[in-house]
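Q: Build me a model:
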Amino acid sequence: MNKRILYGGIDVDDKNFHLGLVDPDHGGIMTYTTRPNSESLIKKLQMFKAQGYEIKVCYEAGYLGYSLCRQLLQKGYSCAVIASSLIPQMKGHPTKTDKLDCIKLGTYYAKGLLTEVYIPDETEEAVRAMIRSRHFLKDQLKAIKTHIVSLCRRMGWDYRQATEKTQVSYWTKAHVGWLDQKIRMVCETIKFNLTTLIHTLKYLQEQIRTYDEEIQRQSQSQKYKTQVEALQCYRGIETLTAMGLLCEFGDIRRFAHPRQMTSYVGLDIREYSSGGKEKKFGITKLGNRFLRTSLVEACQTAHRSPFVSRRIQARRAHIHIEFKSIADRCMQRLYRKSQHLLKRGKPSNKVKVACAREMLGFIWESLNKSQCLVS
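A: Numbering: from 1, shown residues only. This next block holds a predicted model:
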């Protein structure tokens, strides 16, 4: 005799977990509130498991990440993490409560209307968190640099005017030397302020270098080495970008076609076509923003003539010839596409995004072949 299945939706927050259980065979709905921890939730689910029910629960991807899912799986419960943006919305029902949300999740889950997200293993998640933390520190570094330059401008210190060059770059060795000279000639309060900010800047730079060294070390591990080498054959992709792409994509075999990768990244085209009229807009931006940014940055030089520099040649040393061939085809393809779009008068930023979308197909091919070699 088959077990009766209860489908559950969990609405999680810091104050309470709200559990809604749905019995699709008899149409029963039960709701419960527990403390915001897995132990209280499991104790409630255990009551139904003891009665012979099979429990399948889900919750929306959010601040809890995958921790609750892993704890439930360890206790023998089926659990899924749901993509929030793909949950069906009902029109004409403006009321929203935690109780209604968990019932809605359980009902949709029972009918197979929800989309589960990929759950990486703990090692993959740890490396991805490290790379994202580096991005966070990089943003902090950029904010401090902008703050220091703005502070100098408010005091009448204009480095570009002092050098009589409008295109000179900030934070070069010459700019830092000029700033040190200026700091020596001001009052103690301003000196304290700027000195403290510069010390913070140097500290962040040192921490980012430490992160880079650890990411480089991780890239040489057996898990990532072959895939990183395959991606480093591309112009615009080095170790940091390659590791970011691998950790964000996860298992590449879950993408049966490059179109699925394009949608996951958010580089697919928005379309509203009806009544025989076709209307297409910009990219959706509904996917992973870390991947989207990395890919667009990798295509900054796509418009330049295909050329394998000495730096790329050094990265390609001792790498399988098939990976080099795919990367060369990509470079040729991106050059032709970018030149075609630029001649049509398309803005350079749009051209880079179009090239990033094109590049995804080649990356999909490289990673699939590298998976075959690893296997």
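
Q: Excluding covalently adjacent residues, which one is nearest to the residue positioned nearest the centre of the chain?
A: Per Cα atoms, centre = their mean, the C-alpha nearest to the average position across the chain is that of F290, at 3.5 Å. Nearest residue to F290 in three dimensions, chain neighbours excluded: E248, at 5.5 Å (Cβ to Cβ, 6 or more residues apart in numbering). C-beta here means a position set from N, CA and C on the backbone, and glycine is covered the same way.

Q: Next up, the contacts around the one you found.
A: Taking Cβ atoms under 8 Å, 6 or more residues apart in numbering as the definition of contact, the neighbours of E248 are 128, 288, 290-291, 294.

Q: If we use 6 Å, what do you get?
A: The contact partners of E248, taken as Cβ atoms under 6 Å, 6 or more residues apart in numbering, are 288, 290-291.

Q: Repeat that for V265.
A: Taking Cβ under 6 Å, 6+ apart as the contact definition, V265 lies against 287-288, 291-292.

Q: And those residues, which of them are buried?
A: Under a neighbour-count criterion of 16 or more other Cβ atoms under 10 Å, the subset of the contacts of V265 counted as buried comprises 287, 291-292.

Q: about what we covered before: in what element of secondary structure is the residue nearest to F290 found?
A: Counting by DSSP states H and E, the secondary-structure element that holds E248 is helix 239-249.

Q: Could you point out the helix or strand that follows that helix?
A: Following the chain from helix 239-249 toward its C-terminal end, the next helix or strand by DSSP H and E is helix 258-265.

Q: Next, the angle helix 239-249 makes with that following helix.
A: 100 degrees (axes from the mean of the first three to the mean of the last three Cα atoms, to 10 degrees).

Q: Buried residues, helix 258-265. List them.
A: Across helix 258-265, burial judged by 16+ other Cβ under 10 Å covers 258, 261-262, 264-265.

Q: Distance to N368 and pLDDT added to those, as CSV?
A: Converted to CSV, these look like this (distance: Cβ to Cβ, whole Å; pLDDT from 0 to 100):
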residue, distance to N368, pLDDT
P258, 10, 92
M261, 11, 92
T262, 15, 93
Y264, 15, 92
V265, 16, 93
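
Q: For E365, give me its contacts.
A: Shown here is E365, whose contacts under the criterion Cβ under 6 Å, 6+ apart are I326.

Q: avg pLDDT for the helix or strand harbouring it?
A: Secondary-structure assignment from DSSP H and E places E365 in helix 348-374. The predicted model assigns helix 348-374 a mean pLDDT of 90.

Q: burial count for the closest residue to L179 other than its chain neighbours?
A: Take L179 and drop its neighbours on the chain: the residue closest to it by Cβ to Cβ, 6+ apart is C152, 7.2 Å away. The local packing of C152 (other Cβ atoms under 10 Å) involves 18 other residues.

Q: Assign K91 to one of the three secondary structure states.
A: Assigned with DSSP: H, G, I helix; E, B strand; the rest coil, K91 falls in the coil class.

Q: repeat for G9
A: strand.

Q: Look up how far Q71 lies from it.
A: With the distance defined as Cβ to Cβ, to the nearest Å, G9 ends up 17 Å from Q71.

Q: Show me which of those two is the more surrounded one.
A: Counted by other Cβ under 10 Å, G9 and Q71 do not tie: G9 has more neighbours, with 26 against 16.

Q: Against Y59, how distant is the more buried one?
A: Spatial separation of G9 from Y59 under the definition Cβ to Cβ is 7 Å.

Q: and what of H18?
A: Computed as Cβ to Cβ, the H18 to Y59 distance reads 10 Å.

Q: Looking only at neighbour counts, state which of the two leads.
A: The neighbour count for H18 versus Y59, taken as other Cβ under 10 Å, is higher for Y59 (25 against 22).

Q: wait, what's in contact with that one?
A: 10, 12.

Q: Okay, and the beta partners of it?
A: Beta-bridge partners recorded for Y59 (DSSP bridges): I10, V81.

Q: confidence score at it?
A: Here, the pLDDT recorded for Y59 equals 94.

Q: Let me see the ranges of the helices in the stretch 1-150 of the chain.
A: Taking DSSP state H, counting those that start in this stretch as the test, the helices found in the stretch 1-150 of the chain are 38-50, 67-74, 98-110, 122-154.

Q: Ranking those by mean neighbour count, which comes first?
A: Sort those by mean neighbour count, taking mean count of other Cβ atoms under 10 Å, and helix 98-110 sits at the top with a mean of 20.

Q: unless I'm mixing things up, P258 is touching W364, no?
A: Yes. Using Cβ atoms under 6 Å, P258 and W364 qualify as a contacting pair, with a distance of 4.4 Å.
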